[in-house]
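Visitor: Sharing a model that was predicted from the sequence below.
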Amino acid sequence: MDKHKEQRGRDFSRRDFVKAAAVASFAGASARLTSKLYAAGSDVLKVGLIGCGGRGTGAATQALMGVDKSVRLWAMADLFRNQLDASYDMLSKGAKGRYDRVDFDSLADQMDVPEQRRFVGFDAYQKLLASGVDTVILATPPHFRPEHFEAAVKAGKHVFMEKPVAVDPAGVKRIIATAQVAKQKGLSVVAGTQRRHQLHYIEVIKRIHDGAIGEILAAQCYWNNGGPWCLTAEKPAGVSDMEWQCRNWYWFCWLCGDHIVEQHVHNIDIMNWALGSHPVQCMGMGGRQARVGGNIWDHFAIEFEYPGGVRVLSMCRQIPGCSDRVSERIVGTKGFAYIDGATGFIKGENAYEGPASPNPYVQEHVDLIRSIRQGVALNEGIQVAESTMAAIIGRMSAYTGRALKWDWAMNASKLDLSPAKYAFGDLPVAPVPIPGKTPLI
Amino acid sequence: MNGNTNSKRHGLTRRDFIRTSAAAGAVALASGKANLFAAGSDTIRVGIIGCGGQGTRDLVSCVKSSPGVQIAAMGDLFEDRLKQSLEKLNTDVPAAVKVTPDKCFVGFDACKRVVQSDVHVVFLTTPPHWRAEHFQAAVEAGKHVFMEKPGGVDPKGIRSVIRTAELAQQKRLSVVAGTQRRHSKKYQEIIKRIHDGQIGEIVAGQGYWNGGDMLGYWKWYDKEGRSDMEWQCRSWPWFTWTSGDHIVEQHVHNLDVLNWALQAHPVQCMGMGGRAVRTLGNIYDHFAVEYEYPNGVRVSSLCRQINGCTDRIAERVVGTKGVADVDQGVIAGEKPFKYDGPDPDHYVQEMADLIKSIRDGSPINEGKNVAESTMNAVIGRMSAYTGRALKWDWAMNASKLDLTPPKYEWGDLPPETEQVAVPGKTQLT
């Protein structure tokens, strides 16, 4: 391998050299084989897309456009045929940009998805994994992530998986166990917490870790804005509960984890990253004051306590017509850091202005593909699992009204939101939680 | 004032002055009122407007706090509430009850009649909605005041309380508020150390009042068989116009400690909240508000009234050199400290401080403090109800919010008194 490239690969991992070396040695034969395959940067990398919604389609464009034309969309899977077709159509024709991607023209020259590699249904992911792909994008509703991640890693695939990676402690534990297997296998795992790939975040957080704001004393993170696409308020006649809920997955806790997990995980992830730890305990509150339909809430406020008694405030809201704020702030003995999607800076003894960043939704795929080609596995599985878990314990605390500890949730909680079976049939909508009544499980 | 007043601040008590003939003339110059109570034994006659549970307890605390306190006039909106209060007083502090039937006043004008009675001090312990009006009436009548927190329910009322507090200052009247933590030795010792820089520069803080539902300690009266006005006034804790919502009515205690510790009021806030469980009245059952103080210090406030949840009532201040758990009386960090001295009952202490200030002719005036702490809570509520971040200065100067009903009479009230706020729809006014 080209020495220069190898070094760059380690830079990209943003892990210290020892860790990178350790990963490489654990990676063993399969990693070296992988790296040989792609060392020249010209071999075709076959990507499978599991979950062909808006974000999955966006992630596919970024995987295809991020590095070079040797990346191919090789197979597609979704629960619903029309979702898959719409995604295929968009990728092959081009589309206008949106929050997570630029305008793009047809990507047909990088698509090789014949009918026999288009898979639909609850087991579509299994068929896709057996279709000859090298790497997969896991972009279904979060509920399915643990199962899909486990199967992908078992099948020896590199993984890009959207955040969040689970909706309950049972799912988080599966992700962590699978991330460890991926590590042993030398597989790359990149998560859709794209701030970790955003230059001004990287530079500001690096300085925090180097002590630029001193010892961390407090922090705040927010995702307050209008909320996502709308629910089809009434279940159409002739559609099963399962289909209706899966198509409107954002609105049901078992599928999306509620918005604190589905969306605010981004900001909580920054807290974990900046503080170098997950929280120890939390106390949360929330409710739904404006939202109608489904069973998720529309606002949460959580106080997370990190090691050393550092209390961190997390606020998230999805209500149109309110003041928006999506950002993170970290306060230390020598100053504070502020970061959001556009800027990052430090004020205080070591003032710093962060750089402009390339599109992080592209960068995360660039980093993933390079790590695969260079044979130095990136593995973000555990970090995204921990950020997801932080959001989940926040939700559990708010739903029940009970303060709770990370260790209890990780080791003793029995919460598992899985339905009895995955079939298009009856599935009553779980009631909206009531603090003080909803039990802590 | 004169030099004698100044020297009192340096440690001499009023009693010390009385014992010296040289100072006697100065006392008279300082204030006629001071002269009245110079011997420390003259009777102080108290009138009360608002004879509910808290008002009655406040009277008992006051009588117990100091010798020579008599209850001389009582007023309430409802006769039955006044009678219950009188019964309780006759049981708990019978010797102090000097209320004759002609000094018992019932109805919307009861306050006017109480402040016109021959009393030195008026206790303002009605639902918060009436505080501003009653405070003004009491101070204009030249009465010293004990007023329960909060000091209002809307910016209009708070502006009035601030103006009246200034008038009280000019008139050298004492104004003590029911933010009794200010009279706690434990709190005072911790806050003093914070002000002395023992936790360094303050960079964050937290205030909490997470407890159970009010049905545990207040009575809900059903609407049936009552006019809207009677129903809502009797069930006042559950209506925003009467109570200000629980962030104002209750959590103001913790916000007051944060203002005290930070020696400022917030510059702006962003809040959220709702009612996840509550079905009575129109108030919320939880709020989370982030307050930004001068220099960008962000303070979080959490309050909840839901049974079966984890409770926490506390105040915490984080500095560059340490952390103060104010409610615990503990400072951790470079200069650790734990207050383990006596901490007399704050509710009695605030009364002792009030009566002493009157007798000493050395007025305490907490009017502005409690008005500002109330305003914290009010802007937090306004932000949560509307979903809009907002600035203190805007709320103080430009907000038109006025929760006063069209008229005070036994009849219908506008439907909005029963409507629950919906963020993003409820307008910021």
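Guide: Received the coordinates, thanks. Numbers count the residues shown, from 1 in each chain, chains lettered A, B, ... in the order given.
Visitor: mind listing the strands for the stretch 101-250 of chain A?
Guide: A:104-105, A:118-120, A:135-138, A:158-161, A:189-191, A:216-225 (DSSP state E, counting those that start in this stretch).
Visitor: Which one of these lies nearest to residue B:342?
Guide: Taking C-beta to C-beta, strand A:216-225 is the member of those nearest to residue B:342, at 32.1 Å. (Glycine included, C-beta is placed from N, CA and C.)
Visitor: Does chain B have contacts with the closest one?
Guide: Yes. Judged by C-beta under 8 Å from any C-beta of the partner chain, strand A:216-225 and chain B are in contact via A:217-218, A:220, A:224.
Visitor: Need the strands of the stretch 101-250 of chain A in JSON lines (columns: mean pLDDT and mean neighbour count).
Guide: JSON lines is the format used below for these (pLDDT from 0 to 100; neighbours: other C-beta atoms under 10 Å in any protein chain shown):
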{"stretch": "strand A:104-105", "mean pLDDT": "92", "mean neighbour count": "14"}
{"stretch": "strand A:118-120", "mean pLDDT": "98", "mean neighbour count": "20"}
{"stretch": "strand A:135-138", "mean pLDDT": "98", "mean neighbour count": "28"}
{"stretch": "strand A:158-161", "mean pLDDT": "98", "mean neighbour count": "27"}
{"stretch": "strand A:189-191", "mean pLDDT": "97", "mean neighbour count": "29"}
{"stretch": "strand A:216-225", "mean pLDDT": "98", "mean neighbour count": "23"}
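Visitor: want to try JSON lines for the ones you listed, with distance to residue B:226 as columns?
Guide: Shown next, in JSON lines, are the strands of the stretch 101-250 of chain A (distance: least, C-beta to C-beta, whole Å):
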{"stretch": "strand A:104-105", "distance to residue B:226": "66"}
{"stretch": "strand A:118-120", "distance to residue B:226": "62"}
{"stretch": "strand A:135-138", "distance to residue B:226": "60"}
{"stretch": "strand A:158-161", "distance to residue B:226": "59"}
{"stretch": "strand A:189-191", "distance to residue B:226": "59"}
{"stretch": "strand A:216-225", "distance to residue B:226": "40"}
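Visitor: among these, which is nearest residue A:372?
Guide: Within the strands of the stretch 101-250 of chain A, the stretch nearest residue A:372 is strand A:158-161; the backing value is 5.2 Å (C-beta to C-beta).
Visitor: So which other helices or strands are in contact with the closest one?
Guide: Applying 3 or more C-beta pairs under 8 Å, 6 or more residues apart in numbering or on different chains; DSSP states H and E, one finds that strand A:158-161 makes contact with strand A:135-138, helix A:145-154, strand A:189-191, helix A:360-374.
Visitor: ok so, going back, from the residues of strand A:216-225 next to chain B, pick the one nearest chain B.
Guide: residue A:218 (3.5 Å; C-beta to the nearest C-beta).
Visitor: Run through the residues of the stretch 1-150 of chain A sitting next to chain B.
Guide: Counting by C-beta under 8 Å from any C-beta, no residue of the stretch 1-150 of chain A sits close to chain B.
Visitor: contacting residues for whatever residue of the stretch 1-150 of chain A ends up closest to chain B?
Guide: Residue of the stretch 1-150 of chain A nearest chain B, by C-beta to the nearest C-beta: residue A:99 (20.6 Å). By C-beta atoms under 8 Å, 6 or more residues apart in numbering or on different chains, no residues touch residue A:99.
Visitor: now it: how far from residue A:54?
Guide: 10 Å (C-beta to C-beta, to the nearest Å).
Visitor: where does chain B dip in pLDDT?
Guide: Across chain B, residues meeting the criterion (pLDDT under 70) sit at B:1-41.
Visitor: ranking the helices and strands packed on strand A:158-161 by mean pLDDT, which is last?
Guide: Set side by side, the helices and strands packed on strand A:158-161 give their lowest mean pLDDT on helix A:360-374, at a mean of 94.
Visitor: Just list what that one packs against, helices and strands only.
Guide: Other elements packing on helix A:360-374 under the criterion 3+ C-beta pairs under 8 Å, 6+ apart are helix A:3-13, helix A:17-38, strand A:45-50, helix A:54-66, strand A:135-138, strand A:158-161, strand A:189-191.
Visitor: How about the residue sitting nearest the centre point of chain B: what's its closest non-neighbour residue?
Guide: Against the mean C-alpha coordinate of chain B, by C-alpha atoms, centre = their mean, the closest residue is residue B:149 at 1.9 Å. Nearest residue to residue B:149, sequence neighbours excluded (C-beta to C-beta, 6 or more residues apart in numbering or on different chains): residue B:178, at 4.6 Å.
Visitor: Go ahead and confirm that neighbour touches residue B:131.
Guide: No. Judged on C-beta atoms under 8 Å, residue B:178 makes no contact with residue B:131 at a distance of 10.4 Å.
Visitor: residue contacts, the residue lying closest to residue B:308 once chain neighbours are set aside?
Guide: Nearest in space to residue B:308, with sequence neighbours left out and distances taken as C-beta to C-beta, 6+ apart, is residue A:436 at 3.1 Å. For residue A:436, the contacting residues are A:400-401, B:277, B:306-309, by C-beta under 8 Å, 6+ apart.
Visitor: Would you quantify the distance from the nearest residue to residue A:213 once chain neighbours are set aside to residue B:318?
Guide: Distances taken as C-beta to C-beta, 6+ apart place residue A:332 nearest to residue A:213, at 3.2 Å, with adjacent residues excluded. Applying C-beta to C-beta, the value for residue A:332 to residue B:318 is 11 Å.
Visitor: Common neighbours of those two, please.
Guide: residue A:217.
Visitor: residues in contact with stretch B:57-70?
Guide: B:41-46, B:48, B:71, B:85, B:88-89, B:92-93, B:96-98, B:123, B:125, B:146, B:148, B:178, B:345, B:347-352, B:354-356.
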